[in-house]
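Engineer: Sequence first, then the predicted structure:
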Amino acid sequence: MLSYFDTPQPRLLAHRGLAQRSGLDENTIPAFLEALEFGATHLESDTQATKDGHALLLHDSDLSRVAGIDAAVEELTLEQVSQIRLANGGQIPTLAQALRELPEAKFNIDVKTRAAIEPTVHAIEQANAHERVLLSSFSNPIRRKSLSGLSRSVATSASQSIVIAAYLSHKILLGLGFGRIVRDVHAFQIPTAKGPINFADPAFIRRLQLHQTEVHFWTINNPQEANKLIAMGADGIVSDRVDLMNLRET
């Protein structure tokens with residue numbers, strides 16, 4: 001097992017930290033600290049790149065929702081970003097800052113754009129944080145490029161195309177080619193359903209786990225639903241409200 005997964009099960013991943021409970025801003029150091037205080041085993045976040053090549057922990061490509069500013073992140077320097085205050089007074093951290101200020105925390109990082117690849121890799125390399133990060137992306141080319149830039153291997157979860165391919169193999173091809181599809185990923189981090197597809201399928205979960213692939217469902221904020229998924233076999237829950245979760249051990 002990778003040391004990234006060397007935490008109690010089920011995993012409890014804090015989606016952008018824990019912001020809602022105390023009126024904090026998402027993806028900020030205080031929100032991450034709050035999540036850890038309430039039992040999160042991992043911190044989920046995203047990286048975007050500034051104009052001058054720094055990886056920010058930020059979900060959106062612009063600042064309209066989080067700061068009320070009509071500006072794209074890629075058009076701003078880190079110095080400009082550092083002057084911005086979010087809706088609740090917080091500041092946007094860099095990945096390097098978060099790795100430095102939370103030296104024991106494990107981060108689950110979604111690389112949002114090609115521009116964010118190099119600065120994300122650089123921050124991980126500089127912090128020697130390979131054992132406490134998981135890198136992924138909805139885009140498989142971005143995921144693979146990010147992984148290839150690192151000097152040491154890290155945990156990774158499936159991109160959208162891998163998830164769909166694996167589900168089709170499971171559901172239609174009776175598992176034909178399944179092992180090849182999932183061979184280089186350590187986790188599937190998925191919604192319970194997408195359109196007509198139901199991922200909350202005990203047989204699908206079992207097949208993934210037979211291939212040493214964990215299953216984490218997002219974004220689950222209802223404790224009853226979370227425990228139902230854990231009882232179904234899920235390895236972890238991604239939640240905005242880790243403070244409400246009381247996950248039963250499997």
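Structural biologist: Cool, got the structure. Residues are numbered from 1 along each chain as shown.

Engineer: Neighbouring strands of the longest strand along the chain in the sheet, and parallel or not?
Structural biologist: Taking DSSP state E as the criterion, the chain has its longest strand at strand 42-49. Using DSSP bridges, strand 42-49 pairs in its sheet with strand 11-15 (parallel), strand 55-57 (antiparallel), strand 107-111 (parallel).

Engineer: can I get the ones you listed in JSON lines with mean pLDDT?
Structural biologist: Converted to JSON lines, the strands paired with strand 42-49 look like this (pLDDT from 0 to 100):
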{"stretch": "strand 11-15", "mean pLDDT": "98"}
{"stretch": "strand 55-57", "mean pLDDT": "98"}
{"stretch": "strand 107-111", "mean pLDDT": "98"}
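
Engineer: deepest of those strands, which one?
Structural biologist: strand 55-57 (a mean of 28; mean count of other Cβ atoms under 10 Å). Backbone N, C-alpha and C define where each C-beta goes, glycine included.

Engineer: Can you list the neighbours in contact with the following helix or strand past it?
Structural biologist: With elements assigned by DSSP states H and E, the helix or strand that comes after strand 55-57 is helix 64-67. Contact with helix 64-67 is made by 25-26, 58, 60, 70-71, 84-87, 92, as judged by Cβ atoms under 8 Å, 6 or more residues apart in numbering.

Engineer: Please apply the same query to stretch 116-131.
Structural biologist: 2-4, 47-50, 53-55, 94-96, 99-100, 107, 109, 111, 133, 135, 142, 145-146, 149-154.

Engineer: So among those residues, which ones count as buried?
Structural biologist: Neighbour counting with 16 or more other Cβ atoms under 10 Å marks 4, 47-50, 54-55, 94-96, 99, 107, 109, 111, 133, 135, 142, 145-146, 154 as buried within these.

Engineer: for this structure, what spans make up the helices?
Structural biologist: Taking DSSP state H, the helices of the chain run over residues 29-37, 64-67, 78-82, 95-101, 117-127, 140-148, 160-171, 178-182, 202-210, 223-232.

Engineer: doesn't Ile29 make contact with Gln97?
Structural biologist: Yes. Taking Cβ atoms under 8 Å as the definition, Gln97 is a contact partner of Ile29 at 7.3 Å.
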